[in-house]
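> below are the sequence and a predicted model; questions follow.
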Amino acid sequence: MVEVVVKSRVIKAKWLIDGQPDFFIAENKKMYRLKTQREIKLTLNGYTKGYYLNRKFFSLHQLRPLLRKIDV
């Protein structure tokens, strides 16, 4: 299991994203970037919710099939 200390708290990764090794979704259902150890905010692009990962916009619909659950 991947654990990252962010601002003096431990964030446990629950989901990894295929093709985006620097990003993960934690147990608190927020996305984080490993390199900067910061939370990635949900963005509204027009009427579409999603995230910018490495300067490319991924809608929630596009991200869902890329998620891989971390088994312990």
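Sure thing, it's come through.
> where do the strands sit along this protein?
3-6, 9-17, 20-26, 31-33, 38-40, 43-45, 48-53, 56-59, 67-69 (DSSP state E).
> quickly, which of the ones you listed bottoms out on average pLDDT?
Ranked by mean pLDDT, the strands of the chain bottom out at strand 3-6, which scores a mean of 68.
> how about the strands of the chain in CSV, adding mean neighbour count?
Using the backbone N, CA and C atoms, a C-beta is placed for each residue, glycine as well. Compiled in CSV, these are given as follows (neighbours: other C-beta atoms under 10 Å):
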stretch, mean neighbour count
strand 3-6, 12
strand 9-17, 15
strand 20-26, 17
strand 31-33, 18
strand 38-40, 14
strand 43-45, 11
strand 48-53, 16
strand 56-59, 14
strand 67-69, 11
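> ok, now which ones touch Leu42?
Contact analysis of Leu42 by C-beta atoms under 8 Å, 6 or more residues apart in numbering lists 31, 49-51.
> who touches stretch 17-26?
2, 11-16, 31-35, 40, 51, 53-54, 63, 66-68.
> and the spatially most central residue of the chain, how far from Leu66?
The residue lying closest to the centre of the chain (C-alpha atoms, centre = their mean) is Met31, at 3.1 Å. Computed as C-beta to C-beta, to the nearest Å, the Met31 to Leu66 distance reads 12 Å.
> likewise Asn28?
For Asn28, the distance to Leu66 - C-beta to C-beta - is 20 Å.
> okay, those two: which has more neighbours?
Leu66 (14 against 11; other C-beta atoms under 10 Å).
> which ones are touching the more buried one?
By C-beta under 8 Å, 6+ apart, the neighbours of Leu66 are 17-20, 58.
> and the two most separated of the residues you listed?
Asp18 and Phe58 (11.4 Å; C-beta to C-beta).
> extract the CA atoms of stretch 31-42 and return them as CSV.
Provided in CSV are the C-alpha atoms of stretch 31-42 (Å, rounded to 0.1, in the frame of the first residue of the first chain):
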residue,chain,number,x,y,z
MET,A,31,-6.9,12.9,-5.7
TYR,A,32,-3.2,13.6,-4.8
ARG,A,33,0.0,14.0,-6.8
LEU,A,34,3.0,12.1,-5.5
LYS,A,35,5.7,14.5,-6.7
THR,A,36,4.3,17.7,-5.1
GLN,A,37,2.3,15.9,-2.3
ARG,A,38,-0.6,18.1,-2.9
GLU,A,39,-4.3,17.6,-3.5
ILE,A,40,-5.6,17.9,-7.0
LYS,A,41,-8.9,19.8,-7.2
LEU,A,42,-11.9,18.7,-9.1
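> with that, I have no additional questions.
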